[in-house]
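K.L.:
sequence? don't have it. structure:
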């Protein structure tokens, strides 16, 4: 399939079409929350000299989530405001105008052009990795920005809002007409036919001409509505391919329709009364062309919406909330459901966006240490938010060069030091006592096992039984993929061949300078490895992560099921059963974001998300190490973790 899409991140657990809003789950959101005052300008605290925030936040990766023309003209069906207004309501962080961000979009939001056919490109609304890996911590009117941290972007909520708003738009012909008028305004096409009528009903009242034209427009609109209701994904993609191949014939047909309509009678007050027949034909032809192009662009993205429909059904997706996504679970459905329906398994293991500082020092990536490739990780991330690829030529819209430049910036992000001038001084005596307790109860698991043959640190891995945390992320990833003939293949092997092919093809088309950059970035990561970790590592798949800067990465555990560091040190049955996520108000005592009703303020997401730990995938169980300590010892460890520094890795070499 040409220009085939698949979703691989994150985050991308957001279904479109018949969207399952988080509010459909009665305990997933809460209303009445206190809004905070406008935030101060964020102060960054954890980058080295030469870090280019503009490049990291706004470099085009070649992703494409939705046509930008649609996003500019779309009204949010809930707020009734332009959709692009206040994108921070989805947990994104405020941005500022710059060379790469001339419109002042939030951090991680970009526009780019991606191919959708042999000779067409669409300017798209897209994301960068900074959307999920940047956080703001608010405290007493000040804001600390932490680069490379665990962000609170709720991509599901944004996607559902697009879906709902688009459905409301195409459902009502007059709303769609208003949408078309906004599109015309965006393109500065103020002389077209669309601007001469207030509504479709107004057009329909314009004699036989108006009635005939409206009938044609409604027929075209019904085409996209029916495509969303009845067509399979493959039928829809075939229809899009046919649209592209028949573009010339359709243009000729539009000219013919324009000629026919130009001869129809007009009402006495028609805005076209003074126009010549030739001018009428020109205006009608232009309108029909724009209308058809908009229908085609929406239909193109409807394939994206349609493939998500299954995920929106009850029981098929666990609402992730702010800062979480089931990247690989979504990829399994998106990529391989077409192979065999057995691959349509629930996407129910969302995980938090992990911190990415010092990532160049460690061999394995992701929560379950399933790959060592920074290049292929980023290719998958970009395709996961809408980048396209051609499976025949292995060409992709992913801008791998920009991704490599962003990777260089990531290497300039360091663990954040506790900002005493904002959050208050660390109690050094208490922290000193906490260090001794940490060394006794925590250090063994959170110290690297050693280094590999090229010097990259190898973290310790543990079985599910040893760690005791929610198992779904690990067990879901290790599920086999079913092929069309019923045979099976490991999930990692299934995705690795595609990502490798895209990387190698892109490398052949790069300059020598950028080819060398790719070689340098992965010099210590060859050969590239993707592995079904638990199956290939004697059941071990849970990472003992390094903890420098951990104070800035709430909520805690891989699935974000514990709101603060203090609560992580409690026995599992004493941790909060439910808590609010989405506030950026920081609590420097408990170390985490405010999470209780009445205290959590809406500084990012609106409304806040209610996290329910009774649900599978959300369990706050396990990691019960040192949890039998007296409370004063817990507070000592919390205080120490504000200033903890990672130890060097042991010298022993770990071989695969």
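P.N.:
Okay, I see it. Computed from a prediction, not measured in an experiment: that's the story for all the values here. Numbering: from 1, shown residues only.

K.L.:
Surely residue 524 is in contact with residue 456?
P.N.:
Yes - at 5.5 Å, residue 524 and residue 456 qualify as touching, with contact defined as C-beta atoms under 8 Å. Using the backbone N, CA and C atoms, a C-beta is placed for each residue, glycine as well.

K.L.:
okay, these two: which has more neighbours?
P.N.:
residue 456 (18 against 15; other C-beta atoms under 10 Å).

K.L.:
Quick one, grab the pLDDT at the more buried one.
P.N.:
pLDDT recorded at residue 456 is 96.

K.L.:
what sits against it?
P.N.:
For residue 456, the contact set (C-beta atoms under 8 Å, 6 or more residues apart in numbering) comprises 361, 362, 363, 372, 524, 525.

K.L.:
tally of neighbours for residue 651?
P.N.:
Residue 651: 7 neighbours (other C-beta under 10 Å).

K.L.:
isn't it right next to residue 451, touching?
P.N.:
Yes - when contacts are counted by C-beta under 8 Å, residue 651 is listed as touching residue 451 (7.2 Å).

K.L.:
Which neighbours do the two have in common?
P.N.:
Joint contacts of residue 651 and residue 451 (C-beta under 8 Å, 6+ apart) do not exist.

K.L.:
Tell me where the protein is predicted with low confidence.
P.N.:
For the chain, the stretches with pLDDT under 70 are 1-41, 116-120, 187-192, 223-255, 296-312, 603-605, 656.

K.L.:
Mind doing that once more with 50?
P.N.:
1-38, 230-231, 233, 236 (pLDDT under 50).

K.L.:
Could you check how far residue 53 is from residue 441?
P.N.:
Noted for residue 53: a distance of 37 Å to residue 441, by C-beta to C-beta, to the nearest Å.

K.L.:
Same question for residue 184.
P.N.:
Applying C-beta to C-beta to residue 184 and residue 441 gives a distance of 65 Å.

K.L.:
ranges for the strands of the stretch 1-150 of the chain?
P.N.:
Along the stretch 1-150 of the chain, counting by DSSP state E, counting those that start in this stretch, strands occupy 4-5, 34-35, 43-44, 66-67, 109-115, 121-127, 134-139, 142-147.

K.L.:
Out of these, which is the most enclosed?
P.N.:
Highest mean neighbour count of the strands of the stretch 1-150 of the chain: strand 134-139, a mean of 25 (counted as mean count of other C-beta atoms under 10 Å).

K.L.:
So what angle separates the directions of that strand and strand 142-147?
P.N.:
160 degrees (axes from the mean of the first three to the mean of the last three C-alpha atoms, to 10 degrees).

K.L.:
Strand 134-139 - contacts with which helices or strands?
P.N.:
Helices and strands touching strand 134-139, by 3 or more C-beta pairs under 8 Å, 6 or more residues apart in numbering; DSSP states H and E, are strand 142-147, strand 586-587.

K.L.:
right, and those - which one's nearest residue 218?
P.N.:
Taking C-beta to C-beta as the criterion, strand 142-147 is the member of the helices and strands packed on strand 134-139 that comes nearest to residue 218, at 49.3 Å.

K.L.:
Partner strands of the closest one, with direction?
P.N.:
Sheet pairing for strand 142-147, assigned by DSSP bridges, gives strand 43-44 (parallel), strand 134-139 (antiparallel).

K.L.:
The nearest residue in space to residue 491 that is not next to it in sequence: what's it in contact with?
P.N.:
Spatial nearest neighbour of residue 491, chain neighbours left out: residue 481 (5.3 Å); criterion: C-beta to C-beta, 6 or more residues apart in numbering. Counting by C-beta under 8 Å, 6+ apart, residue 481 touches 332, 336, 339, 343, 488, 489, 490, 491, 494.

K.L.:
at 10 Å instead, please
P.N.:
Contact analysis of residue 481 by C-beta atoms under 10 Å, 6 or more residues apart in numbering lists 332, 335-336, 339-340, 342-343, 487-495.

K.L.:
Please determine how far it is located from residue 494.
P.N.:
Taken as C-beta to C-beta, the span from residue 481 to residue 494 is 5 Å.

K.L.:
shared neighbours of these two, which are they?
P.N.:
With C-beta under 10 Å, 6+ apart as the test, residue 481 and residue 494 both reach 332, 335, 336, 339, 343, 488.

K.L.:
The third one: neighbour count?
P.N.:
Think residue 336. Residue 336 has 22 neighbouring residues, counting by other C-beta under 10 Å.

K.L.:
picking that back up, output the strands of the stretch 1-150 of the chain in TSV, with distance to residue 633 appended to each entry.
P.N.:
Output for these, formatted as TSV (distance: least, C-beta to C-beta, whole Å):
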stretch	distance to residue 633
strand 4-5	51
strand 34-35	34
strand 43-44	33
strand 66-67	51
strand 109-115	44
strand 121-127	42
strand 134-139	26
strand 142-147	27
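
K.L.:
looking at these, which is closest to residue 613?
P.N.:
Nearest of the strands of the stretch 1-150 of the chain (C-beta to C-beta): strand 134-139, 21.9 Å.

K.L.:
Would you state the strands of the stretch 401-550 of the chain in chain order?
P.N.:
Going by DSSP E, counting those that start in this stretch, the stretch 401-550 of the chain shows strands at 450-451, 457-458, 461-463, 480-482, 488-490, 540-543.

K.L.:
Return the most buried member of these.
P.N.:
strand 540-543 (a mean of 24).

K.L.:
Strand partners (parallel or antiparallel) of that one?
P.N.:
Applying DSSP bridges, one finds strand 540-543 paired with strand 461-463 (antiparallel).

K.L.:
what sits up against the strand it pairs with?
P.N.:
Under C-beta under 10 Å, 6+ apart, the answer for strand 461-463 is 364, 368-369, 445, 449, 467-469, 474, 533-534, 537-544, 622-623.

K.L.:
out of those, which are buried?
P.N.:
Neighbour counting with 16 or more other C-beta atoms under 10 Å marks 364, 368-369, 445, 467-469, 474, 533-534, 537, 539-544, 622-623 as buried within the contacts of strand 461-463.

K.L.:
of the helices and strands packed on strand 134-139, which approaches residue 419 most closely?
P.N.:
For those, proximity to residue 419 was assessed by C-beta to C-beta; strand 142-147 is nearest, at 5.4 Å.

K.L.:
For the closest one, what is the distance to the chain centroid?
P.N.:
Relative to the centre of its chain, strand 142-147 is centred 21 Å away, using C-alpha atoms, centre = their mean, to the nearest Å.

K.L.:
and the next element down the chain from that strand?
P.N.:
Next in sequence after strand 142-147, counting helices and strands by DSSP states H and E, comes helix 155-171.

K.L.:
could you give the angle of that following helix to strand 121-127?
P.N.:
140 degrees.

K.L.:
For the very next helix or strand once past helix 155-171, which helices and strands make contact with it?
P.N.:
Sequence-wise, the next helix or strand downstream of helix 155-171 (DSSP H and E) is helix 173-186. In terms of contacts (3 or more C-beta pairs under 10 Å, 6 or more residues apart in numbering; DSSP states H and E), helix 173-186 is packed against helix 68-73, helix 155-171, helix 200-204, helix 207-230, helix 277-307.
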